[in-house]
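J.: Got a sequence here, can you build the structure:
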Amino acid sequence: MISFAHPWLLALLVLPIALFLRGWRRHGAGVVVPYDHAPARPRKFLWFLLRLVSSLPVLILAVVILLLAGPLRFSEPRARRIMTNIEFLVDVSGSMTSPYGDGNRYDGAMDSIMKFIDARNGDSFGLTVFGTDVLHWVPLTSDPSVLKCAPEFLSPLKLPNWFGGGTMIGMGLESSLTALEARADGDRMIILLTDGYSFDLANGNDEIIARKLKNANITVYCIHIDNSAPPDEVQLIASMTGGKTFSAGDPGTLGAVFATIDTMKKARMEQMSGESLDDFRPWALAGGGLVLASLLASFGFRFTPW
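T.: Below you'll find the predicted structure:
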């Protein structure tokens, strides 16, 4: 379907149409020469060719009007990836320095996060660490290289003792909630990595926080970096928000857990309609062809009065 950016200019096509009809209907007065009275066969093809050549300037005018009207075309419909905003909430309390594979629990958590980021190209990621306090280290960004520079600075072995003296999961979740609410577009998800129990989720506070997260359309996945079962409060929060809890007693299991989360929260695609694009090329080529034809015709194909 042909469309135009300035369709009102198409009204000017009345002029070339009128000139075109007039040129084909007029007969004009000829000049009589002696041999006109001699018998001659009619040359309808030549008459048609001469009329066509005389109409070329009118056709060029019509193409100019069409170009001024701004011809448009629509691109093919395409699918757009709906971005997921993923906030990593990592426990940096002292217990995260416990042996875990070839390193400690913190190292294992960060290694798995980096591998997960590589597999989720196109999403937006943020990093928050918590202990007794909360620190937003990386705001939500689509540049994964920023997160890959973070692990060596946030190790519990390097942070002040007062920061990693406890495990305030509730505080960390509410802080991550605030960061995710600032993003209007895309899905929202928190991946919590911890190995402890949090007293700030007791006395019904777990359900209060879960309702806040659910109302903000945030899904929480909790990875308990230990062989024991995750705390009941954390399981309640994950369940109420549509997420899940996992136990990962070794680095191999931790990698499998991230792979499972990736399949559970796959990237969604949104069908988009085609975009309006300028479509001058075919009309410009047509106009150029008519100009060339008119130039060539001027060397011989024209009406003469004799």
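
J.: what stretches of the stretch 201-306 of the chain score poorly on pLDDT?
T.: When residues are selected by pLDDT under 70, those of the stretch 201-306 of the chain lie in 265-275, 300-306.

J.: What segments of it are strands?
T.: Secondary structure of the stretch 201-306 of the chain by DSSP state E, counting those that start in this stretch: the strands cover 218-224, 244-247, 268-272, 276-278.

J.: Report pLDDT for Ala38.
T.: Model confidence at Ala38, given as pLDDT, is 56.

J.: where exactly do the helices run in this protein?
T.: 14-25, 44-54, 56-68, 105-119, 144-148, 151-154, 169-181, 205-215, 232-240, 251-264, 281-297 (DSSP state H).

J.: What residues of the last one count as buried?
T.: Across helix 281-297, burial judged by 16 or more other C-beta atoms under 10 Å covers 283, 286-287, 290, 293-294, 297. Using the backbone N, CA and C atoms, a C-beta is placed for each residue, glycine as well.

J.: how far does that helix sit from the chain's center?
T.: 40 Å (C-alpha atoms, centre = their mean, to the nearest Å).

J.: Can you pull out the residues in contact with it?
T.: 53, 56-57, 59-60, 63-64, 66-67, 71 (C-beta atoms under 8 Å, 6 or more residues apart in numbering).

J.: that older thread, adding distance to Ala248, write the buried residues of helix 281-297 out as a markdown table.
T.: Below are the buried residues of helix 281-297 laid out as a markdown table (distance: C-beta to C-beta, whole Å):
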| residue | distance to Ala248 |
| --- | --- |
| Trp283 | 63 |
| Ala286 | 66 |
| Gly287 | 68 |
| Leu290 | 73 |
| Ala293 | 76 |
| Ser294 | 78 |
| Ala297 | 82 |
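
J.: related to what we said a few turns ago, so which of the strands of the stretch 201-306 of the chain is the most packed in?
T.: Of all those, strand 218-224 carries the top mean neighbour count, a mean of 24, counting by mean count of other C-beta atoms under 10 Å.

J.: quick one, that strand and helix 251-264 angle?
T.: Per axes from the mean of the first three to the mean of the last three C-alpha atoms, to 10 degrees, the angle that strand 218-224 makes with helix 251-264 is 160 degrees.

J.: so what secondary structure elements neighbour strand 218-224?
T.: Strand 218-224 is packed against helix 169-181, strand 187-194, helix 232-240, strand 244-247, helix 251-264, with contacts defined by 3 or more C-beta pairs under 8 Å, 6 or more residues apart in numbering; DSSP states H and E.

J.: Would you give the sheet partners of the shortest one, along with the direction of each?
T.: Just to be clear, that refers to strand 244-247. Here strand 244-247 is paired, per DSSP bridges, with strand 218-224 (parallel).

J.: swap in the second one?
T.: Strands adjacent to strand 187-194 in the sheet, as given by DSSP bridges, are strand 84-91 (parallel), strand 218-224 (parallel).

J.: of all these, which lies closest to Gly164?
T.: Within those, the stretch nearest Gly164 is strand 84-91; the backing value is 8.7 Å (C-beta to C-beta).
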